[in-house]
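Novice: Just a sequence and a predicted model for now, questions to come.
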Amino acid sequence: MRSFITRKFRAYREISVVAETKRQNNSVKKYGISAEHQKSLKNKNGRIGEAEKNMEQFTEETRKEEEIKAAETATAVAAKRKKKRLIGDYVVVAAMAVLMALNYDLFIVRNRFAPSGLNGVATMIEYITGGSFSIAYMSLLINIPLCIFAYFFTEKEFALKTFVFCVIYSAVYFVLQKTAVLARFRYDAGGADTIYPVLISGMIGGVVYGGAFRRNGSTGGTDIVSKYLSKKNPHLNFFWVLFAINATVAAASYFVYTSTDPVTGATVHNYKPVCMCILYSFISSFMANRSLQGGKSAYKFLIITKHAEEIDREIVEKLKHSATKLIGTGVYSNTERDVVICVVSKHQIVDFENIIRKYPDTFAFVETVNETIGNFKQVKRRADDSFYYVDEA
């Protein structure tokens, strides 16, 4: 820091010398001066080039130092954001694990049906053993080896988050099962109106699946297998693998959740657990997809027009959005047209359509955007204190 200040002071001093020398040179040209003084000025003129050279070097060094400081600051900010995001991810994964444990304890186990996946197998094993072999044990027994496998063969972060989910889920479920803290809140349909616990548990399960996946985690079991197969073969349709597993669970539940005829003592099989398993799988899958798509849906307009400037102006002024403009060539007419791409919220569709209808020779179509990422909701202040979005490529 001291050397920086010293160089800066020296540079300013040399600048002063240069300015004074130039002033004296102007005086020589204007008024004339003695030979001795001219010699002195000549020596000073020699120092001008050296001073200017030193100043350029100082400016370059200062610029480099500022660039290094800016890069270090940007790196530190990025590292801080990454750390905060990672902590947030683990908090969300832990919350999803607690929610899943509550879902099983309050709505699933008491209503005698098996949900989808390997947790469905664990639920049936707990039912067969009369609760002596808890879902918590079975979940850890299955998922810990799978998490170790995922750590080496998929992604380390994915494996660690899945491990955290499985441990917290098993621990919370075990506590709920042994202490019966929330026993009075358990929904036991008693064999009647079983559609309600399936609907509730299916929606909660879907939110949990989607929330865990959005944070690069999972609920374990078949999710880990899905991650591995997707990495090995991205074009593989894992739907059929999941369908086979869920179909097996549903078929097995037909033989697990049985009852005894009070008159004959014969074993009675029931299709209701099978239907409940299938319905749970459908609802949870639907909700998971909705969660993965996120709540930032929008609509993309692609406009081919001769009036791009006018449309662009109205987009910015009326819709408070920006747009991206390209040049396209018509195949039939072989003429160039402006192509405007703009993304707006669902509440602005009618306003956008009204703008487009004003201009003849304009063709447009709209597509649904599942989620927007980046500048869609960032605004920029104009000179007149008005705002507009900066969502452009």
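Specialist: Received, thanks.

Novice: which residues in the chain form strands?
Specialist: Taking DSSP state E, the strands of the chain run over residues 259-260, 267-268, 298-305, 324-329, 336-344, 363-369, 379-381, 387-389.

Novice: Please name whichever of those is nearest to Val172.
Specialist: Smallest distance to Val172 across those (C-beta to C-beta): 30.6 Å, for strand 259-260. The way it works is simple: take the backbone N, C-alpha and C, and place the C-beta from them, glycine included.

Novice: and the closest one, what does it pack onto?
Specialist: Packing partners of strand 259-260 (3 or more C-beta pairs under 8 Å, 6 or more residues apart in numbering; DSSP states H and E): strand 267-268.

Novice: mean confidence score for the strand it packs on?
Specialist: The pLDDT scores in strand 267-268 average 82.

Novice: Listing partners with orientation, what would you give for that strand?
Specialist: Partners of strand 267-268 in the sheet, by DSSP bridges, are strand 259-260 (antiparallel).

Novice: just checking, Glu155 touches Ile224?
Specialist: No - with contact defined as C-beta atoms under 8 Å, Glu155 does not count as touching Ile224 (10.8 Å).

Novice: out of those two, which sits in the busier spot?
Specialist: Ranked by neighbour count (other C-beta atoms under 10 Å), Glu155 and Ile224 place Ile224 first, with 25 against 14.

Novice: Excluding residues flanking it in the chain, which one is nearest the more buried one?
Specialist: Closest residue to Ile224 apart from its sequence neighbours, by C-beta to C-beta, 6 or more residues apart in numbering: Leu146 at 4.5 Å.

Novice: What segments of the stretch 1-150 of the chain are helices?
Specialist: Secondary structure of the stretch 1-150 of the chain (DSSP state H, counting those that start in this stretch): helices located at 2-31, 35-103, 117-128, 135-153.

Novice: sorry, back to before: burial measure for the residue nearest to Ile224, as a count.
Specialist: Applying other C-beta under 10 Å, we find 23 residues neighbouring Leu146.

Novice: got the contact list for it?
Specialist: Taking C-beta atoms under 8 Å, 6 or more residues apart in numbering, we find Leu146 in contact with 162, 220-221, 224-225.

Novice: Next, find the distance separating it from Val225.
Specialist: Applying C-beta to C-beta, to the nearest Å, the value for Leu146 to Val225 is 8 Å.

Novice: Report the residue ranges of every domain in this protein.
Specialist: For the chain, the structural domains run 2-80, 89-293, 298-389, going by automatic domain parsing.

Novice: rank these by mean pLDDT and give me the bottom one.
Specialist: Among the domains of the chain, domain 2-80 scores lowest, with a mean of 62.

Novice: what sits against the closest residue to Ser253 other than its chain neighbours?
Specialist: Nearest non-adjacent residue to Ser253, counting by C-beta to C-beta, 6+ apart: Pro273, 4.2 Å away. Residues near Pro273 by C-beta under 8 Å, 6+ apart: 112-114, 253-254, 256-257.

Novice: Ile144 too?
Specialist: By C-beta under 8 Å, 6+ apart, the neighbours of Ile144 are 163, 166.

Novice: That one and Tyr173, how far apart?
Specialist: For Ile144, the distance to Tyr173 equals 15 Å [C-beta to C-beta].

Novice: Likewise for Leu279?
Specialist: Using C-beta to C-beta, Leu279 is found at 22 Å from Tyr173.

Novice: Kindly reformat the contacts of Leu146 as CSV containing distance to Asp261.
Specialist: Listed next are those as CSV, based on distance: C-beta to C-beta, whole Å:
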residue, distance to Asp261
Thr162, 44
Gly220, 38
Gly221, 35
Ile224, 42
Val225, 40
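
Novice: In helices, which of those appear?
Specialist: If you go by DSSP state H, those have 162, 224-225 in helices.

Novice: got those residues as CSV, with distance to Thr264 columns?
Specialist: Shown next, in CSV, are those (distance: C-beta to C-beta, whole Å):
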residue, distance to Thr264
Thr162, 47
Ile224, 45
Val225, 43
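
Novice: For Leu279 and Tyr173, indicate the residue with more neighbours.
Specialist: Neighbour count, other C-beta under 10 Å: between Leu279 and Tyr173, Tyr173 has more, with 23 against 17.

Novice: circling back: from the contacts of Pro273, pick the one nearest Lys84.
Specialist: The shortest approach to Lys84 among the contacts of Pro273 belongs to Ala114, at 38.9 Å (C-beta to C-beta).

Novice: so what's the backbone phi/psi at the closest one?
Specialist: phi -100, psi 130 (degrees, to the nearest 10).

Novice: can I assume it is in contact with Phe255?
Specialist: No - Ala114 is beyond contact range of Phe255, at 11.2 Å (criterion: C-beta under 8 Å).

Novice: who has more neighbours, the two?
Specialist: Legend: neighbour count by other C-beta under 10 Å for Ala114 and Phe255, higher for Ala114 (28 against 12).

Novice: what's the distance between that one and Asp312?
Specialist: Ala114 sits at a distance of 57 Å from Asp312 (criterion: C-beta to C-beta).

Novice: got it, and Gly206?
Specialist: From Gly206 across to Asp312, the span is 41 Å (C-beta to C-beta).

Novice: of these two, who's got more company?
Specialist: Between Gly206 and Asp312, Gly206 has the larger neighbour count (other C-beta under 10 Å), namely 22 against 19.

Novice: Name the nearest residue to that one, sequence neighbours excluded.
Specialist: The shortest distance from Gly206 to any non-neighbouring residue, by C-beta to C-beta, 6+ apart, is to Met287 (2.3 Å).

Novice: for that neighbour, what are its contacts?
Specialist: By C-beta under 8 Å, 6+ apart, Met287 lies in contact with 202-203, 205-207, 209-210.

Novice: okay, now Thr248: neighbour count?
Specialist: 12.

Novice: Tabulate the contacts of Met287 (CSV), appending distance to Val93.
Specialist: What follows is the contacts of Met287, written out as CSV (distance: C-beta to C-beta, whole Å):
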residue, distance to Val93
Gly202, 21
Met203, 19
Gly205, 15
Gly206, 16
Val207, 13
Tyr209, 12
Gly210, 12
